[in-house]
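Asks: below are the sequence and a predicted model for it; my questions follow.
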Amino acid sequence: MSHMSEQTIAAPIDDPQELERGFTRYQSVLIALLAFTQFTIILDFIIMSPLGAILMPALNITAAQFGVAVSAYAFSAGLAGILAAGFADRFDRKRLLLFFYAGFTLGTLLCALAPNYHVLLMGRIVTGLFGGVIGSVVLAIVTDLFALHLRGRVMGFVQTAFAASQVLGIPAGLFLANHWNWHIAFFAIVGLSIAAMVVIAFMMQPVDAHLRLKPDHNPFHHLIATIGQPRYTLAFLVTTLLATGGFMLMPFGSAFTVHNLGIDIVHLPTIYLVTGLFTIAIGPLVGRASDAFGKYPTFVFGSAVSVTMVLIYTHLGQVSLTTAIVVNVLMFVGIFSRMIPSQALMSAIPDPSQRGSFSAISASVQQLSGGLGSVFAAAIIAENADGSLLHFERIGYVVVTTSIISVIAMYFVQRSVAKRAGRRVV
């Protein structure tokens, strides 16, 4: 039963002709809703980076302490993914989404109310425990409701949430933090999350077709069965490699831009705004390309671009605002061009009865790897008296190495998927 064909539960509410023409109205609304959900989750995480230049002096903390606050989210999210994996296929995915979204909102509220570093750290832990699982639930929903040949497009739209958080969220968060205080930025995320939960509750249909596949009712057995599946191991390795690189660069991006590149903090929102606008346009195009030309070839292209731009970015000195924007834009084009096809390809790996647990474990691996990456990055870099970062280029070398290995590993992942699907290229 666990090996039931993927098409058995993919897009259960649509006929094949409609799928070929495009998305139905409900599917379009659902994609937008899932993208907005991702927007709030991603914004809550990545806003810590641009707020770093404000938070560190405001709370009188060091770069190492700030790195701990960032990685605390990742470690708690990693733990939550493992704990949730055994239950991930036993409930309606809509209910799971609402449950974890409510916990995430409460955690973000705790961050907003934090009077000191220790309460903020506790808030990040609670937020990670719930928010870290939401991405895996969203991925499982997409996999259940959309056929493989459409998932590149769907992921392209859903992942624009990352870009939208740069265009709308980060500049708005920095504006609120600069004109009032950093607490307001988290209060704004709480408001957006409550609005999203209301819409999900009333507009989203149940996602429970997977329950007919009768997954193992013993959560521990279900978890072990998923972890012990040999063909999942390589996928988890690729996830580890991809997450390590991203988490190493991101937390210190704003501090590097301000203190090393010489960009005034007032202009930080401009960099995020322009970069986000480009990636919003690029996301859907990358999704279409991955469906049209193959997910692995698109991933290779994205990896080549990101490797090149990471090497350039981490070796920059004092530059103009225009140069900083161009480098950031090209780097994120590369990141998106590997993130979207990799997620679409990974979604084809698990059996239908294990999609929830596979996604939860994958998210856990991603967060734990990212948390270790943040700690490792904090150990590599040092801080000068003027706030500039030393040895940042060494982080770039690590990211490049993991990217190259991930290209090789992903080749074998796509071969496995293609073999099961009876195709040459996916």
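Replies: Cool, the structure landed.
Asks: what sits against Ala255?
Replies: Contacts for Ala255 (C-beta atoms under 8 Å, 6 or more residues apart in numbering) come out as Gly52, Ala53, Met56, Ala63, Gly387, Leu389. No exception for glycine: its C-beta is placed from N, CA and C like everyone else's.
Asks: which of those count as buried?
Replies: Gly52, Ala53, Met56, Ala63, Leu389 (16 or more other C-beta atoms under 10 Å).
Asks: closest to Ile404 among these?
Replies: Distance to Ile404 across these (C-beta to C-beta) is lowest for Leu389, with 24.2 Å.
Asks: pull the contacting residues for that closest one.
Replies: By C-beta under 8 Å, 6+ apart, the neighbours of Leu389 are Ala63, Phe252, Ala255, Phe256, His259, Asn260, Ile381, Ala382, Glu383.
Asks: any idea what sits nearest it, other than its immediate chain neighbours?
Replies: The spatially closest residue to Leu389, leaving aside those adjacent along the chain, is Ile381, at 5.0 Å (C-beta to C-beta, 6 or more residues apart in numbering).
Asks: surely the one you found meets Phe252?
Replies: Yes: counting by C-beta atoms under 8 Å, Ile381 does reach Phe252; the two are 6.6 Å apart.
Asks: what touches both of these two?
Replies: Ala63, Leu389, Phe392.
Asks: which ones among those lie within helices?
Replies: Those of the shared contacts of Ile381 and Phe252 mapping onto helices are Ala63, Phe392, per DSSP state H.
Asks: dump the shared contacts of Ile381 and Phe252 into JSON lines; add distance to Leu113 and pLDDT as well.
Replies: Below are those laid out as JSON lines (distance: C-beta to C-beta, whole Å; pLDDT from 0 to 100):
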{"residue": "Ala63", "distance to Leu113": "24", "pLDDT": "72"}
{"residue": "Leu389", "distance to Leu113": "31", "pLDDT": "84"}
{"residue": "Phe392", "distance to Leu113": "33", "pLDDT": "87"}
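Asks: what's the closest of the shared contacts of Ile381 and Phe252 to Gly132?
Replies: Using C-beta to C-beta, the shared contacts of Ile381 and Phe252 come closest to Gly132 at Ala63, 23.4 Å.
Asks: so who does the closest one touch?
Replies: Met56, Phe252, Ala255, Ala378, Ile381, Glu383, Leu389.
Asks: repeat that for 7 Å
Replies: Met56, Ala378, Glu383 (C-beta atoms under 7 Å, 6 or more residues apart in numbering).
Asks: cool, and Leu316?
Replies: Counted by C-beta under 7 Å, 6+ apart, Leu316 has contacts Leu261, Val327.
Asks: just the pLDDT for it.
Replies: pLDDT recorded at Leu316 is 89.
Asks: what does Thr322 give?
Replies: Value listed for Thr322 in the pLDDT field: 93.
Asks: which of the helices or strands spans it?
Replies: Taking DSSP states H and E as the criterion, the element that holds Thr322 is helix 321-346.
Asks: quick one: distance of that helix to the chain centre.
Replies: 13 Å (C-alpha atoms, centre = their mean, to the nearest Å).
Asks: for that helix, packing partners?
Replies: helix 148-158, helix 268-293, helix 295-314, helix 392-421 (3 or more C-beta pairs under 7 Å, 6 or more residues apart in numbering; DSSP states H and E).
Asks: wait, is Ala77 part of a helix?
Replies: Yes: per DSSP: H, G, I helix; E, B strand; the rest coil, Ala77 lies within a helix segment.
Asks: so who does it touch?
Replies: Gly128, Leu129, Gly131, Gly132, Gln367.
Asks: residue ranges with poor pLDDT in the chain?
Replies: 1-22, 166-167, 170, 213-219, 421-426 (pLDDT under 70).
Asks: from Gly67, how far off is the nearest residue to Glu393 once chain neighbours are set aside?
Replies: Of all residues not flanking Glu393 in the chain, Thr314 sits nearest, at 4.6 Å (C-beta to C-beta, 6+ apart). According to C-beta to C-beta, to the nearest Å, Thr314 stands 17 Å off from Gly67.
Asks: check His222 too.
Replies: In terms of C-beta to C-beta, His222 sits 35 Å off from Gly67.
Asks: quick revisit: which one (most neighbours) among the contacts of Leu389?
Replies: Phe252 (25 neighbours; other C-beta atoms under 10 Å).
Asks: does it count as helix, strand or coil?
Replies: Assignment for Phe252 (three-state DSSP): helix.
Asks: do Phe23 as well
Replies: Phe23 ends up coil, using three-state DSSP.
Asks: excluding its backbone neighbours, what's nearest it?
Replies: According to C-beta to C-beta, 6+ apart, the nearest residue to Phe23 is Ile31 (6.8 Å).
Asks: check which helix or strand that neighbour maps to.
Replies: Assigned by DSSP H and E, Ile31 falls in helix 25-46.
Asks: how about residues contacting the following helix or strand past that helix?
Replies: Next along the chain after helix 25-46, taking DSSP H and E as the criterion, comes helix 48-59. Under the criterion C-beta under 7 Å, 6+ apart, residues 63, 66, 69-70, 116-117, 120, 170, 173-174, 177, 182, 185, 250-251, 253-255, 258, 265, 268, 272 lie in contact with helix 48-59.
Asks: kindly report the same for stretch 114-132.
Replies: Here stretch 114-132 has contacts from 41, 44, 59, 61, 65, 69, 72-74, 76-78, 80-81, 100, 103-104, 106-108, 110-111, 363, 367, using C-beta under 7 Å, 6+ apart.
Asks: now that stretch: buried residues?
Replies: Of all the residues in stretch 114-132, those buried under the rule 16+ other C-beta under 10 Å are 114, 117, 120-121, 123-132.
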